[in-house]
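J.: Here is a sequence together with a model predicted from it:
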Amino acid sequence: MEEAIKIEQMRTILLSVSETMIQEKTQLTKLDAECGDGDFGIGMFIGFSKAKKTIDDFEGEQIDLLLKKVGFSILSSVGGASGPLFSTFFIAMAEKAKEKKMIDLESLTEMLENSLNKICLRGGAKVGEKTLVDALEPAVRALKEASREKVTLKEALERATQAAKEGVEHTKTLIAKQGKARYLGDKTIGHRDAGAVAIYLMLKSFFDSYSQLLKENIPNKLENS
Amino acid sequence: MKKLINDPLNVTDESIEGFTKAYAHIIKQVASRVVARKDAPIEGKVSIVVGGGSGHEPEMIGFVGVGMADASVYGEVFAAPPPPSILTATKAVDGGKGVLYIYGNYAGDNMNFDMGAEMAAEEGIKTETVRVWDDVASGSPENYKDRRGLIGDLFVVKVAGAKAETGAVLDEVKRVAEKARDNCRTFAVALSPGTIPATGEPTFTIGGNKMYFGVGAHGEKGVKKTELKTADEAVEIMLKAILEDLPFHKGDEVCIIINGYGSTTLMELSIVNRRTHELLEENGIKVYHTEMGNFLTTQEMAGCSITLMKLDDELKELYDAPAYSPTINKYPALLSKR
């Protein structure tokens, strides 16, 4: 028996992630203002508001199509540096979810690893440059390890969230090498990276929402396939 | 900060609409965030698309016109436009000879315009890109590609726009745009921050009697905070950084921009310009032409920037060529020969 996420649950989870990002507008904007130009929260608010509407209106059965539509909602509405990166997050997930009726731990790991790779390719960032990569990369690493150990999806998500959280804290020690913050050099030490915080909040919301679904006992078991 | 606006989330759309109505004799709105010159697309001419975050008016929307850019595409306040908008602008002005993108060198603009270019390529439109990186305070000379774009793009667009009007091919227009860019240097100072309409938050904080040197156009923190200096003292520091960077030499001829960031008065800019001319003359550098005013603003930020573009015969000719736009107008035929 394995746990997995079906289309209905993915809708609920993505709605929860979108609502979180909408709610965190002020916090993300404040964080961005410390080292950047302070518009990050607004971009996320606009993008995830549109994503939320897309999810509400979505009537299909394909998980990859839902993820792709969420990505394009962000891509077409946000702009800035965050638009291409956060839309790539979902579009890259969609690429690895093709034909899948359910997402198990192995699939989710593959999907988020693709997000990480595609984001690095688009933005040119590497680990340690004080970007969202510093939260996403440890989360993906945690998922891969959890996948090898064959723990439950819930536990894997919890570990990934924790790894992202630690990644966020680690960004405090890093000097920004990307984006508008890089002009501040070592003055960026002591500040958390706003993009990394956003990734953590998304993963945490993903985990919280999935845990809630388990509690509510909505059918979520995938018969051995 | 008090602002005369409606819903803060509508400032970009409402300002584009109002700006276009004020200059309806030159420009037209072709999509929600895209403004093009009124007679676009022009068959057989290379087109120029500029863009970036809104909130810096008249940059970029005011650079659209004859002998300037063919279209401007906006994102949200201070945020690069998304790729589908860039594609819309590209398709609206493509005259079959290709499209040159000119914009400031920021991560967001770079990624979105690159994705826009990929989408344009899928539709069979050839594009080239010139990123402007004129801000000397934002990176060492060796790492010039890390530098951000300030108001130097006004010169780049003027030169490239003039070249495109001659019927030149895309590579030639790109070549002169790069030449203008590579001969441009800017340095900026700020006295007080601007605020983002949607949050009401200042883009940076600064003590009462302090000023920032090397500040970014989006209020990115400056490289050096000092006590407030006199205009003459500030110009000396700014010009020193600029002159050493290219470097500019005795005998050079330059165009300059004295740019105000929003709430710095024309009186103050004139005082800055006065000392700039004096110092350049002392250094044996001849000022060919001066542009003074609010070209790249950051809402109500107080401060200014100085830009120098070193000229050669080609750049001078393109700089003097006719232009008709909300921001820059050149009517060479009206002048007696200099």
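T.: Okay, I see it.
J.: So which bits of chain A are right by chain B?
T.: By Cβ under 8 Å from any Cβ of the partner chain, the part of chain A that sits against chain B consists of A:26, A:29-30, A:33, A:36-39, A:41-43, A:46, A:75-85, A:122-123, A:178-180, A:182-184, A:187. (Each C-beta comes from the backbone N, C-alpha and C, glycine too.)
J.: tell me the mean pLDDT over the strand or helix carrying A:Leu203?
T.: A:Leu203 belongs to helix A:194-215 when assigned by DSSP states H and E. For helix A:194-215, mean pLDDT is 96.
J.: again, but for stretch B:328-335
T.: On average, stretch B:328-335 scores 83.
J.: Surely B:Asp232 touches B:His277?
T.: No - contact criterion Cβ atoms under 8 Å: B:Asp232 and B:His277 do not qualify, at 12.0 Å.
J.: Just give the number of residues close to residue 19.
T.: Answering for chain A, as no chain was given. Other residues lying near A:Glu19 total 15 when counted by other Cβ atoms under 10 Å in any protein chain shown.
J.: was after chain B, sorry
T.: 20.
J.: which residues sit in contact with the closest residue to it other than its chain neighbours?
T.: Among residues not flanking B:Phe19 along the chain, B:Ile61 sits closest, at 5.6 Å (Cβ to Cβ, 6 or more residues apart in numbering or on different chains). Residues near B:Ile61 by Cβ atoms under 8 Å, 6 or more residues apart in numbering or on different chains: B:Ile16, B:Phe19, B:Thr20, B:Ile27, B:Val35, B:Ser54, B:Ser72, B:Tyr74, B:Pro326.
J.: cutoff 10 Å now
T.: B:15-16, B:19-20, B:23, B:27, B:29, B:33-35, B:50-52, B:54, B:69, B:71-74, B:325-327 (Cβ atoms under 10 Å, 6 or more residues apart in numbering or on different chains).
J.: Among these, name the ones in helices.
T.: Counted as lying in helices by DSSP state H, out of those, are B:Ser15, B:Ile16, B:Phe19, B:Thr20.
J.: now those residues as JSON lines including pLDDT?
T.: Below are those laid out as JSON lines (pLDDT from 0 to 100):
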{"residue": "B:Ser15", "pLDDT": "98"}
{"residue": "B:Ile16", "pLDDT": "98"}
{"residue": "B:Phe19", "pLDDT": "98"}
{"residue": "B:Thr20", "pLDDT": "98"}
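J.: Please identify which two of these are farthest apart in space.
T.: The distance between the two most remote of the ones in helices among the contacts of B:Ile61 (Cβ to Cβ) is 9.5 Å, for B:Ser15 and B:Thr20.
J.: Pick out whichever of the ones in helices among the contacts of B:Ile61 sits closest to chain A.
T.: Nearest to chain A out of the ones in helices among the contacts of B:Ile61 is B:Ile16 (Cβ to the nearest Cβ; 14.2 Å).
J.: before we move on, the earlier item: just the residues of chain A next to chain B: which are in helices?
T.: Using DSSP H, A:26, A:29-30, A:33, A:41-43, A:46, A:75-77, A:82-85, A:122-123 are the members of the residues of chain A next to chain B that sit in helices.
J.: Now the buried members of those.
T.: Among those, the ones that count as buried by 16 or more other Cβ atoms under 10 Å in any protein chain shown are A:29, A:33, A:41-43, A:46, A:75-77, A:82-85, A:122-123.
J.: So, low pLDDT: which residues of the chain?
T.: I went with chain A, as the question did not name one. Flagging of chain A using pLDDT under 70 yields the residue ranges A:1-2, A:217-225.
J.: you looked at the wrong chain, it should be chain B
T.: Low-confidence segments of chain B, defined by pLDDT under 70: B:221, B:335-338.
J.: Walking through it, point out its strands one by one.
T.: Counting by DSSP state E, residue ranges of the strands within chain B are B:27-31, B:34-37, B:47-54, B:71-77, B:99-104, B:127-132, B:184-192, B:210-213, B:224-227, B:253-260, B:286-293, B:302-310, B:323-324, B:329-330.
J.: Please apply the same query to chain A.
T.: A:2-6, A:102-104, A:221-222.
J.: Skipping its backbone neighbours, what lies nearest residue 31 in space?
T.: Just so you know, I chose chain A. A:Ala194 (3.9 Å).
J.: my bad, chain B
T.: Leaving aside its sequence neighbours, B:Ala31 sits nearest to B:Thr88 (Cβ to Cβ, 6+ apart; 4.6 Å).
J.: which residues does the one you found contact?
T.: If you count contacts by Cβ under 10 Å, 6+ apart, then B:Thr88 has B:Val30, B:Ala31, B:Ser32, B:Arg33, B:Val34, B:Ala36, B:Ala71, B:Val73, B:Pro81, B:Pro82, B:Gly116, B:Met119 around it.
J.: Redo the strands of chain A as JSON lines? Include mean neighbour count.
T.: Putting the strands of chain A into JSON lines (neighbours: other Cβ atoms under 10 Å in any protein chain shown) gives the following:
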{"stretch": "strand A:2-6", "mean neighbour count": "19"}
{"stretch": "strand A:102-104", "mean neighbour count": "21"}
{"stretch": "strand A:221-222", "mean neighbour count": "14"}
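J.: right, so of those, which gets closest to A:Thr12?
T.: With distances scored as Cβ to Cβ, the stretch of the strands of chain A nearest to A:Thr12 is strand A:2-6 (9.3 Å).
J.: how many degrees apart are the closest one and helix A:194-215 in direction?
T.: Per axes from the mean of the first three to the mean of the last three Cα atoms, to 10 degrees, the angle that strand A:2-6 makes with helix A:194-215 is 110 degrees.
J.: From the contact counts, what lies against strand A:2-6?
T.: Judged by 3 or more Cβ pairs under 10 Å, 6 or more residues apart in numbering or on different chains; DSSP states H and E, strand A:2-6 is in contact with helix A:7-23, strand A:102-104, helix A:105-123, helix A:153-171, helix A:194-215, strand A:221-222.
J.: can you rerun that using 6 Å?
T.: In terms of contacts (3 or more Cβ pairs under 6 Å, 6 or more residues apart in numbering or on different chains; DSSP states H and E), strand A:2-6 is packed against strand A:102-104.
J.: that older thread, separate out the buried members of the ones in helices among the contacts of B:Ile61.
T.: B:Ser15, B:Ile16, B:Phe19, B:Thr20.
J.: a markdown table for the residues you listed, including distance to B:Leu315?
T.: Compiled in a markdown table, these are given as follows (distance: Cβ to Cβ, whole Å):
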| residue | distance to B:Leu315 |
| --- | --- |
| B:Ser15 | 32 |
| B:Ile16 | 31 |
| B:Phe19 | 29 |
| B:Thr20 | 31 |
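J.: For residue 12, grab the count of nearby residues.
T.: Using chain A here. 18.
J.: Wait, chain B was what I had in mind.
T.: 20.
J.: For it, which residues are in contact?
T.: Going by Cβ atoms under 6 Å, 6 or more residues apart in numbering or on different chains, B:Thr12 touches B:Ser54, B:Glu76.
J.: repeat that with 10 Å
T.: Per Cβ under 10 Å, 6+ apart, neighbours of B:Thr12: B:Ser32, B:Arg33, B:Gly53, B:Ser54, B:Gly55, B:Tyr74, B:Gly75, B:Glu76, B:Val77, B:Ala79, B:Pro197, B:Ala198.
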